[in-house]
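S.K.: Here's a sequence, model it:
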Amino acid sequence: METVLIVDDEKNYPLILSAVLEDEGYEILTAGSGFEALDILQGSDIDLVLSDMKMPSMDGIELLENIKDRSPDLPVIMMTAYGTVDKAVEAMEKGAYSYLVKPFDNEKLIIYVKKAISMYQVVKENRQLRDAVESRYSFNNIIGKSKVMQDMFATIRKVAPTTATVLIEGESGTGKELVAKSIHFNSLRKVKPFVAVNCSALAESLLESELFGHEKGAFTGAITMKKGRFEIADSGTLFLDEIGELSQSLQVKLLRVLQEKIIERVGGVKPVPINIRIIAATNKNLKREMTEGRFREDLYYRLNVVHITLPQLMHRQEDIRLLIDHFIKKYSDERRSNMPVTGISPEAERLFYDYNWPGNVRELENVIEHIMILSSDETIKITDLPKDFRDNVHNTLHLEGIPVKAKLYDTLAMIEQAMIKRALKMSDNVQSHAAELLGIGKSGLNQKIKKYNLDVGSKQ
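M.R.: Numbers count the residues shown, from 1 in each chain. Sure, this is the predicted structure:
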């Protein structure tokens, strides 16, 4: 039920208004002064303030200013006598939703109240959605404790508040768009649009129209003027994914946009000024593309003001367990079983570390989603893993890397040390977890650590 606060120093008017609005299903609170109204606002969830203009001690204008300082989006409708309409106009300029001139009929009051509250509901929903999006793309939602990821977080934190152009390189599935959104939603442009374009998804002729828009009649089928992604992203961020797929002609046009901050729609001659931040991403090595003549050098340096490289998952194995837990939580609602997943068996977890993850984080997410939908146990076992995944786990010892004259005992000791170091690294030096990964007891692991004089930190 929506709540309306009526503020009026007269005794009878609030009673009449309350009766009318209560019949419409609203909860009504009343205040006899501006100061009393502010006290109520402090402790109540109000959807609309209906305030008289002329009151002692604090008039309607002062009350409005106080309300807007505390809750800028909360709608306020001013009630005024005919002789003070000029004050009501002043209130509108200071943020009032509207005003009603006394005496007004009940039907008009109800219409104004419904419109104001409906508008406020939309504003609150949009704010909640924006807050949810900002939370989703906060730095905390990019998962990684490895040094390479921590270094990347430091770069994002520095670059996000600026207007610098950013180039993100990384293989497919490493999370380039997630990083781009994190930069946007932690920047001063976060309330403005984030617009993404996949440069490899459209033919050149269609991509040009998609980016720059077109005028009516520019080509067959252009029956109306259409704004492009550059205009839609105005004052916000334009994310150009797979920038390495741009043709030479579009590279020239993009360079002009970056230099002059204007665009021209297809079929148009009028320059359109734009104010956007560009974040570009590619799974190609643009330096190599540049030296081989497929990517313009001047455009490369325009885009590469700040460079972020996303590592392959196989090069940040310390993060695998964090990602497993994260995606288990993310897809917990999709389980057909009522039994929650509480963990993963050491045998199944080892396969996650032995796999080389060609699809990177996206592939790991797909594996966990598969498990969460189809498995019914509380612990993930090897049999829960997708067959294709199990069949492609590479767990073969490469004998060609071992010298022909190597002694068996020394080689086995070398392999044992390497496996222990890897298990400790993956488990953040938690020895009980490392022992589980290795399939041995904690006391046995302790003996081997002492045997090889390994530095394992202080965690037990």
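
S.K.: contacts, neighbours, all on C-alpha from now
M.R.: OK.

S.K.: Am I right that L238 sits in a strand?
M.R.: Yes. In this structure, L238 lies within a strand as judged by DSSP: H, G, I helix; E, B strand; the rest coil.

S.K.: give me the beta-bridge partners of it?
M.R.: Beta-bridge pairing of L238 under DSSP bridges involves V195, I278.

S.K.: before we move on, what about T379?
M.R.: The partner residues for T379, given DSSP bridges, come to G343.

S.K.: tell me the contacts of it?
M.R.: The neighbours of T379, taking C-alpha atoms under 8 Å, 6 or more residues apart in numbering as the test, are V341, T342, G343, I344, S345.

S.K.: Grab the nearest non-local neighbour of the second one.
M.R.: I take that to be T342. The shortest distance from T342 to any residue that is not its chain neighbour, by C-alpha to C-alpha, 6 or more residues apart in numbering, is 5.5 Å, and that residue is E378.

S.K.: Against A434, how distant is the one you found?
M.R.: The gap separating E378 from A434 is 21 Å, by C-alpha to C-alpha, to the nearest Å.

S.K.: Pick out whichever of the two has more residues nearby.
M.R.: Using other C-alpha atoms under 10 Å, the more surrounded residue of E378 and A434 is A434, with 26 against 15.

S.K.: Phi, psi for that one please.
M.R.: Summarising the backbone geometry of A434 under the convention degrees, to the nearest 10, its torsions are phi -60, psi -40.

S.K.: what distance separates stretch 156-173 from the centre of its chain?
M.R.: The chain centre lies 14 Å from the centre of stretch 156-173; the measure is C-alpha atoms, centre = their mean, to the nearest Å.

S.K.: Revised request: answer the last question for stretch 276-286.
M.R.: Here the centre of stretch 276-286 is set off from its chain's centre by 18 Å, with C-alpha atoms, centre = their mean.

S.K.: Repeat that for stretch 40-60.
M.R.: Computed by C-alpha atoms, centre = their mean, the chain-centroid distance of stretch 40-60 equals 37 Å.

S.K.: what does stretch 167-178 give?
M.R.: Using C-alpha atoms, centre = their mean, the mean C-alpha position of stretch 167-178 is found 14 Å from that of the whole chain.

S.K.: residues making contact with it?
M.R.: Identification of contacts with stretch 167-178 by C-alpha under 8 Å, 6+ apart yields 137, 142, 239, 241, 279-285, 303-313, 359-363.

S.K.: Please indicate which of those residues are buried?
M.R.: Judged by neighbour count, with 16 or more other C-alpha atoms under 10 Å as the criterion, the buried members of those are 137, 142, 239, 241, 279-284, 303-304, 306, 308-313, 359-361, 363.

S.K.: that older thread, highest neighbour count among the contacts of T379?
M.R.: Among those, the one with the most neighbours (other C-alpha under 10 Å) is V341, at 20 neighbours.

S.K.: picking up where we left off before, mind checking which of the contacts of stretch 167-178 land in strands?
M.R.: Filtering the contacts of stretch 167-178 for membership in strands, criterion DSSP state E, returns F239, D241, I279, A280, A281, T282, V306, H307, I308, T309.

S.K.: ok, the third one - contacts?
M.R.: Shown here is I279, whose contacts under the criterion C-alpha under 8 Å, 6+ apart are T165, V166, L167, I168, A180, T237, L238, F239, L240, L303.

S.K.: How about the last one?
M.R.: By C-alpha under 8 Å, 6+ apart, the residues touching T309 are M152, I168, E169, G170.

S.K.: ok, and the most crowded of the residues you listed?
M.R.: The member of the contacts of T309 that has the most neighbours, counting by other C-alpha under 10 Å, is I168 with 24 neighbours.

S.K.: That one belongs to a strand?
M.R.: Yes. Residue state for I168 (three-state DSSP) corresponds to a strand.

S.K.: about what we covered before: now distance to R127 and pLDDT too, for the contacts of T309, in JSON lines please.
M.R.: Written out in JSON lines, the entries for those read as follows (distance: C-alpha to C-alpha, whole Å; pLDDT from 0 to 100):
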{"residue": "M152", "distance to R127": "29", "pLDDT": "91"}
{"residue": "I168", "distance to R127": "29", "pLDDT": "97"}
{"residue": "E169", "distance to R127": "32", "pLDDT": "96"}
{"residue": "G170", "distance to R127": "33", "pLDDT": "95"}
